[in-house]
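K.L.:
Would you be able to build a 3D model of this:
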Amino acid sequence: MSRDLLKTAGEVLTIEAQTLQRLKRKLGKTFLQAVSVMAKCRGRIIVTGMGKPGFIGRKIAATLASTGAPSFFLHPAEAIHGDLGMVTPEDIVLAISHSGETEEIVRLLNPLKKIGVCLIAMTSGTRSSLARYADVVLDLGVTREACPLNLAPSASTTAALAMGDALALSLHKKKGFREEDFAQLHPGGSLGRQLLKVKDIMRKGASHAVVKSKTPVKQALLAITRARAGSCTLVDAARRVRGIFTDGDLRRHLRESGELLLDQPVEKFATLHPVTIRDERLAAEGLNLLKTRKIDEVPVVDKAGRAVGLLDVQDLLKAGFI
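P.N.:
Numbers count the residues shown, from 1 in each chain. Below is the predicted model of the structure:
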């Protein structure tokens, strides 16, 4: 029995692998047309499918959305009972049906055409009702399922899933989707954190205390307090970094002898010519810098060397790097 089961499993994988190879050979003009249409979409890409193709459609919609193409899944049965109100003429509908004759999908065709959407069909039924109504037909070319009874959706759903990934990632390339765009759409995940840059989490604006080198210590402390920070960045007239003054510096230099510390220039007690980090560097590199130098803050500079922010270990902690 075990040998028979392994043989069946191997046959399933072989059929599905062959299906994908045939699908690859079908890529051409219609695929490029579909990507072009999707790239020009001024609305949303709405994916629909019934049953197992519906599950595949949900995944395709999620992939499109996560790679910069606004998209959502529309259940075809719910659509004909009011959810068609979500569809606008500027949207594109990607309909998935192995046969192209799925009842719930066919019932949508006339209403969708009345709305005026562009319809892309993903089907093996190139002469089906769905194909006839579609503006672009992506032929999956599946003639047999991997199921031994040729009943359970298997090769057809594998082909649809792979074609959906091919569409989404080709569209992502055509639109110039970048690493920082991906990070922006995945702020809560480990992938997003890996791509976050220093400028995405650094303290800036009112949260970044900046003073001139000759500023009295007491004014520097006021600037630190207003920014609710633990340090201030010292700059020259061109806003280039001259030093950094931290509350730790204050404690180290504070004397009980009555020295008028608060009225002296802050540069006298600051760390001059400190290490800095570029705003375009990965946040993970900033964390490594803080660990290596055994410091809690580092001034952030732009490509001209001007102070634009402060990277604090507490911000890296909040962002989930520690």
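K.L.:
From here on, just use CA atoms for contacts and neighbour counts.
P.N.:
Noted.
K.L.:
Using PDB, write out the CA atom coordinates for stretch 203-220.
P.N.:
The C-alpha trace of stretch 203-220 is given here as PDB (Å, rounded to 0.1, in the frame of the first residue of the first chain):
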ATOM      1  CA  ARG A 203      13.800  60.700  15.000                       C
ATOM      2  CA  LYS A 204      13.300  63.900  12.900                       C
ATOM      3  CA  GLY A 205      11.700  67.300  13.000                       C
ATOM      4  CA  ALA A 206      10.500  68.300  16.500                       C
ATOM      5  CA  SER A 207      11.700  64.900  17.900                       C
ATOM      6  CA  HIS A 208      15.300  65.600  16.800                       C
ATOM      7  CA  ALA A 209      17.100  68.200  19.000                       C
ATOM      8  CA  VAL A 210      19.600  70.300  16.900                       C
ATOM      9  CA  VAL A 211      21.800  73.100  18.300                       C
ATOM     10  CA  LYS A 212      24.800  75.200  17.200                       C
ATOM     11  CA  SER A 213      28.100  74.300  18.700                       C
ATOM     12  CA  LYS A 214      28.400  77.500  20.700                       C
ATOM     13  CA  THR A 215      24.900  77.100  22.300                       C
ATOM     14  CA  PRO A 216      25.100  77.200  26.100                       C
ATOM     15  CA  VAL A 217      24.500  73.900  27.800                       C
ATOM     16  CA  LYS A 218      21.300  75.000  29.500                       C
ATOM     17  CA  GLN A 219      19.800  75.800  26.100                       C
ATOM     18  CA  ALA A 220      20.900  72.500  24.800                       C
END
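K.L.:
how near is the nearest residue to residue 239 once chain neighbours are set aside to residue 240?
P.N.:
Nearest residue to residue 239 in three dimensions, chain neighbours excluded: residue 306, at 5.2 Å (Cα to Cα, 6 or more residues apart in numbering). Relative to residue 240, residue 306 is positioned 4 Å away (criterion: Cα to Cα, to the nearest Å).
K.L.:
for residue 283, same thing?
P.N.:
21 Å.
K.L.:
The two: which is more packed in?
P.N.:
In terms of neighbours (other Cα atoms under 10 Å), residue 283 is the more surrounded of residue 283 and residue 240; the figures are 25 against 17.
K.L.:
still on that earlier bit, tell me the contacts of the residue nearest to residue 239?
P.N.:
Contacts here follow Cα atoms under 8 Å, 6 or more residues apart in numbering; on that basis residue 306 touches 238-241.
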